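>>> Have a look at this fold, sequence not included:
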Ligand SMILES: Nc1ncnc2c1ncn2[C@@H]1O[C@H](COP(=O)(O)OP(=O)(O)O)[C@@H](O)[C@H]1O
Ligand SMILES: Nc1ccn([C@H]2C[C@H](O)[C@@H](COP(=O)(O)OP(=O)(O)O)O2)c(=O)n1
Ligand SMILES: [Mg+2]
């Protein structure tokens with residue numbers, strides 16, 4: 001056997017779905033119940049954008065407004081997972097991998113280090129998603145109609161193929177999130193229970 005067998009694998013669940021589909025909301029509920037750590041790629045990027053002296057803040061903001069995806073070298077999820085320590089039971093990786101570049105970077109860094117449990121795929125009609133984003137009330141620079149349209153285009157052209165990639169591996173668990181939150185969370189909870197969480 002080669003490699004360090006004492007190294008603990010990071011247990012990971014990916015959360016994907018269109019903007020406003022409820023990824024963050026579901027992660028919030030699930031992390032409380034299951035002792036998992038929620039890592040939102042978007043939150044991490046917004047944090048870096050706000051960090052004084054950040055050399056990539058302006059670049060991140062341009063991507064966020066344009067609804068395009070920041071290069072994976074900047075969106076370093078591995079760093080955040082390592083920083084969280086290995087006491088975590090697992091990670092909810094929210095909004096990542098969102099395109100082929102994200103996926104390639106993830107594989108380069110994480111191969112042999114992660115146990116990918118499944119992808120929670122939230123589906124929600126675009127009309128509901130836009131209403132939710134416009135009413136989110138977090139003052140985000142991309143929660144306006146123009147940025148939303150660009151984000152949804154990026155989602156359809158770049159993120160859905162990633163969902164397909166995981167579907168082929170039998171890893172996708174789909175939940176219709178275009179329903180009242182109690183119903184969504186009931187189904188999400190069931191998916192986690194079935195996966196042994
Ligand atoms: N099932 C739901 N029904 C109605 N509103 C919801 C539902 N799920 C989430 N929301 C609301 O929609 C907005 C977007 O949710 P959020 O979890 O931030 O989505 P995402 O992370 O996918 O963009 C938030 O204001 C949230 O409170
Ligand atoms: N993997 C990621 C995730 C988000 N981003 C950027 C581009 C996205 O439009 C914004 C916002 O992402 P976030 O996941 O917070 O947005 P939603 O929760 O889907 O509304 O951040 C990215 O470049 N790469
Ligand atoms: Mg979110």
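The structure has been received and is ready for your questions. Nothing here was measured: the structure is a model prediction, and the numbers come from that model. Residues are numbered from 1 along each chain as shown. Ligands and ions are numbered 1, 2, ... in the order given.
>>> Please see if stretch 75-91 touches ligand 2.
Yes - residues of stretch 75-91 are located near ligand 2 by C-beta under 6 Å from any ligand atom, namely residue 75. Just so you know, the C-beta spots here come from the backbone N, C-alpha and C atoms, and that holds for glycine as well.
>>> which of the residues in that stretch are buried?
By neighbour count on 16 or more other C-beta atoms under 10 Å, the buried set for stretch 75-91 is 75, 77, 80, 81, 88, 90, 91.
>>> For the fourth one, identify the helix or strand it belongs to.
Read that as residue 81. Following DSSP states H and E, one finds residue 81 within helix 77-83.
>>> what's downstream of that helix, the next helix or strand?
Heading C-terminal from helix 77-83, the first helix or strand you meet, by DSSP H and E, is strand 91-94.
>>> Tell me the pLDDT of the spatially closest residue to residue 134 that is not a sequence neighbour.
Leaving out its chain neighbours, the residue that sits closest to residue 134 by C-beta to C-beta, 6 or more residues apart in numbering is residue 143, at 6.2 Å. In this model, residue 143 is scored at 98, pLDDT.
>>> Repeat that for residue 194.
Here, the pLDDT recorded for residue 194 equals 96.
>>> what's the burial count for it?
Applying other C-beta atoms under 10 Å, we find 10 residues neighbouring residue 194.
>>> Looks to me like residue 15 is in a helix.
No - secondary structure of residue 15 (DSSP: H, G, I helix; E, B strand; the rest coil): strand, not part of a helix.
>>> mind listing the strands in this protein by residue range?
Taking DSSP state E as the criterion, the chain carries its strands at 10-16, 37-40, 91-94, 114-123, 172-176.
>>> distance of residue 180 from ligand 3?
Distance, residue 180 to ligand 3, by C-beta to the ion, to the nearest Å: 19 Å.
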